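Student: Any chance you could fold what I've pasted below:
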Amino acid sequence: MPVILRKAVVADIAAIEQLIARSARGLSRDDYRPSQVEGALRGAFGVDTQLLRDETYFIAEREGVIAGCGGWSYRATLFGGDARAQRDANCLDPATEAARIRAFFVDPLHARSGIATLLLARCEREAREHGFSRAELMATLPGVKLYSMRGYRGGDRVQYAVGGGETIEFVPMHKDLIPV
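Tutor: Model prediction:
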């Protein structure tokens, strides 16, 4: 079953939101409590429409079904959807700053089938084409496995408040983007 990657558009937002919720609830069970996931879905996880406007967010489709999504950014915001308060749309300097890998989610029915790897390769390639030699991201605990396998190195876990007295752990990660 071939996978088609395409740029996400505004008409995809509802489907992306549904995918994010399915992915977070289905693939985070071993790492986060349900209350953490639900809190994260109110801001830390979600659609960032700036990525769609910048045309740096992608949909992976298999047989016409959205199987995953993810993107990259040349803006300062490291993670979070539109509902997250701490956002910074300032442009990064590729000569001194790292591109951001952002908002990767895979439908549980398509997990571990190469969807995220295809999306990541596309994002890294585009970031290199825009002059970036490094990439960084804020990984979910389930995502650490993927990113580590793709050459990202992690830092210490950080806590992020998701409301209702809950926090969720993330791992900041980075990678040098070697020209191909």
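Student: Does Gly131 lie in a helix or a strand, and which?
Tutor: Per DSSP states H and E: Gly131 is located in neither a helix nor a strand.
Student: mind checking how far the residue nearest to Ala76 when sequence neighbours are not counted is from Phe79?
Tutor: Spatially, and ignoring its direct neighbours in sequence, Ala76 is nearest to Asp88 (3.9 Å; CB to CB, 6 or more residues apart in numbering). Any C-beta I mention is one placed from the backbone N, CA and C, and that applies to glycine too. When CB to CB, to the nearest Å is applied, the distance between Asp88 and Phe79 equals 11 Å.
Student: Which one's more surrounded, those two?
Tutor: More crowded of Asp88 and Phe79, by other CB atoms under 10 Å: Phe79, with 24 against 10.
Student: In this structure that one contacts Ala139, no?
Tutor: No: using CB atoms under 8 Å, Phe79 makes no contact with Ala139, being 9.1 Å away.
Student: The residue nearest to Ala76: what secondary structure?
Tutor: Look at Asp88: counting by DSSP: H, G, I helix; E, B strand; the rest coil, its state is coil.
Student: I'd say it and Ser73 touch.
Tutor: No: Asp88 lies out of contact with Ser73 (CB under 8 Å); the separation is 10.5 Å.
Student: give me phi/psi at the residue nearest the centre of the chain?
Tutor: With distances taken as CA atoms, centre = their mean, the residue of the chain nearest its centroid is Ala103 (2.1 Å). Listed backbone geometry of Ala103 is phi 50, psi 60, with angles given as degrees, to the nearest 10.
Student: Could you verify my assumption that it touches Thr49?
Tutor: No: Ala103 is beyond contact range of Thr49, at 11.1 Å (criterion: CB under 8 Å).
Student: Tell me which stretches of the chain form helices.
Tutor: Counting by DSSP state H, residue ranges of the helices within the chain are 13-27, 34-40, 49-54, 115-129, 141-149.
Student: Would you mind giving the ones you listed as TSV with mean pLDDT and distance to Pro179 added?
Tutor: Output for the helices of the chain, formatted as TSV (pLDDT from 0 to 100; distance: least, CB to CB, whole Å):
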stretch	mean pLDDT	distance to Pro179
helix 13-27	96	31
helix 34-40	94	35
helix 49-54	95	23
helix 115-129	97	6
helix 141-149	95	20
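Student: Mean neighbour count and distance to Ile66 added to these, as a markdown table?
Tutor: Below are these laid out as a markdown table (neighbours: other CB atoms under 10 Å; distance: least, CB to CB, whole Å):
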| stretch | mean neighbour count | distance to Ile66 |
| --- | --- | --- |
| helix 13-27 | 17 | 5 |
| helix 34-40 | 19 | 20 |
| helix 49-54 | 17 | 14 |
| helix 115-129 | 19 | 10 |
| helix 141-149 | 17 | 18 |
